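In: sequence-free structure coming up:
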């Protein structure tokens, strides 16, 4: 990310990877209840059992207990260690590779976007099974008394899915997942980088928590506006256990035909609540952890 010190050297990759994974895991743990509510709203095809972000969280807590709001935390942390660490950790090296060694000044926006698309796509190809397990565990609602959970833990979920659907079943929905995460990653990282750069260029803002907060909120807003349609399709394809959808295009067509175009922005407010708060938590943590792991000669 752009630094307040134009002469600062890039962090070594292992240090940046560690800082990125720590920041992503912290944000995940803090905002998972919002994500659980978002997934339930996106998967709700009819009726009004779940209404709004807070209403959905209240319903889940009342029917399934407060712990249900953190369903999927284990695979969520698995996901963020892999996906969050790689997509953020690789962003600066890939961006600098695209810019070239001879470039002077700040990188142009289109290369920031290209770097975000690249690292988002590469990272989710590795981490997609963790995303699938997280969605499956979050979408499992309240069960009748005495009925065992289909997925009692993340580790058992990987095993059950591989046994029932084949090893490649762990990568179910990879297409929409790549599209969703590449697009949202580009929107988040490029917009955070660009907003922070613009704020610092005014001379009014310093490289501090206020700047990180504003840039993080902006990154979350752009990510939701751009990524909501693919996010809805990703959740539906991954949560589909009965074969309702024949892939990404079929899901797009059926959703548009049966529920209308606005269905692709179903859960927009909780999605922004989730991504906005997630980005703020992530980037605030990232900037602080980077300071802790910066070598003395930087």
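Out: Alright, I've got the coordinates. Here the structure is a predicted model, which is why all the values come from computation and not from measurement.
In: could you pull out the helices for this protein?
Out: For the chain, the helices defined by DSSP state H occupy 13-43, 53-64, 73-79, 85-89, 91-99, 109-139, 154-165, 174-201, 209-239, 248-259, 268-293.
In: can you tell which of those helices is closest to residue 148?
Out: Proximity to residue 148 (CB to CB) singles out helix 154-165 among the helices of the chain, at 11.0 Å. Using the backbone N, CA and C atoms, a C-beta is placed for each residue, glycine as well.
In: Can you name every helix or strand that the closest one contacts?
Out: In this structure, helix 154-165 makes packing contacts with helix 73-79, helix 109-139, judged by 3 or more CB pairs under 8 Å, 6 or more residues apart in numbering; DSSP states H and E.
In: Nearest to residue 55, out of these?
Out: Taking CB to CB, helix 109-139 is the member of the helices and strands packed on helix 154-165 nearest to residue 55, at 17.0 Å.
In: Is it possible to get TSV of the helices of the chain that adds mean pLDDT and mean neighbour count?
Out: Supplementary listing: the helices of the chain in TSV, determined by pLDDT from 0 to 100; neighbours: other CB atoms under 10 Å:
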stretch	mean pLDDT	mean neighbour count
helix 13-43	90	22
helix 53-64	89	17
helix 73-79	88	23
helix 85-89	95	26
helix 91-99	94	19
helix 109-139	91	22
helix 154-165	92	16
helix 174-201	91	23
helix 209-239	86	22
helix 248-259	90	15
helix 268-293	89	21
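In: To residue 147, which of these lies closest?
Out: Evaluated with CB to CB, the helices of the chain place helix 53-64 nearest to residue 147, the distance being 12.7 Å.
In: That closest one - contacts with which helices or strands?
Out: Here helix 53-64 touches helix 13-43, helix 268-293, going by 3+ CB pairs under 8 Å, 6+ apart.
In: if we can go back for a sec, want to try CSV for the helices and strands packed on helix 154-165, with distance to residue 271 as columns?
Out: As requested, those are exported to CSV (distance: least, CB to CB, whole Å):
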stretch, distance to residue 271
helix 73-79, 16
helix 109-139, 14
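In: To residue 194, which of those helices lies closest?
Out: Smallest distance to residue 194 across the helices and strands packed on helix 154-165 (CB to CB): 5.6 Å, for helix 109-139.
In: Going by contacts, tell me the helices and strands next to that closest one.
Out: Helices and strands touching helix 109-139, by 3+ CB pairs under 8 Å, 6+ apart, are helix 13-43, helix 73-79, helix 85-89, helix 91-99, helix 154-165, helix 174-201, helix 209-239.
In: Of these, which is nearest residue 255?
Out: Going by CB to CB, the one of the helices and strands packed on helix 109-139 nearest residue 255 is helix 209-239, 6.9 Å.
In: In terms of secondary structure, what does that closest one contact?
Out: helix 13-43, helix 109-139, helix 174-201, helix 248-259, helix 268-293.
In: the inter-axis angle of it versus helix 109-139?
Out: Between helix 209-239 and helix 109-139, the angle comes out at 50 degrees (axes from the mean of the first three to the mean of the last three CA atoms, to 10 degrees).
In: relative to helix 174-201, how tilted is helix 209-239?
Out: Put simply, helix 209-239 runs at 170 degrees to helix 174-201, going by the same axes, to 10 degrees.
In: Centre of the chain to helix 209-239, how far?
Out: 7 Å (CA atoms, centre = their mean, to the nearest Å).
In: Spell out for me which residue occupies the centre of the chain.
Out: residue 181 (6.9 Å; CA atoms, centre = their mean).
In: ok, that one - contacts?
Out: 83, 87, 120-121, 123-124 (CB atoms under 8 Å, 6 or more residues apart in numbering).
In: Kindly recompute the last result at 10 Å.
Out: Residue 181 sits next to 83, 87, 117, 119-125, 127-128, 131, 188, 227, 230-231, 234 when contact means CB atoms under 10 Å, 6 or more residues apart in numbering.
In: And for residue 106?
Out: By CB under 10 Å, 6+ apart, the neighbours of residue 106 are 2, 6, 99, 112, 193-194, 197-198, 200-201.
In: same thing but 6 Å
Out: For residue 106, the contact set (CB atoms under 6 Å, 6 or more residues apart in numbering) comprises residue 197.
In: Cool, thanks, signing off.
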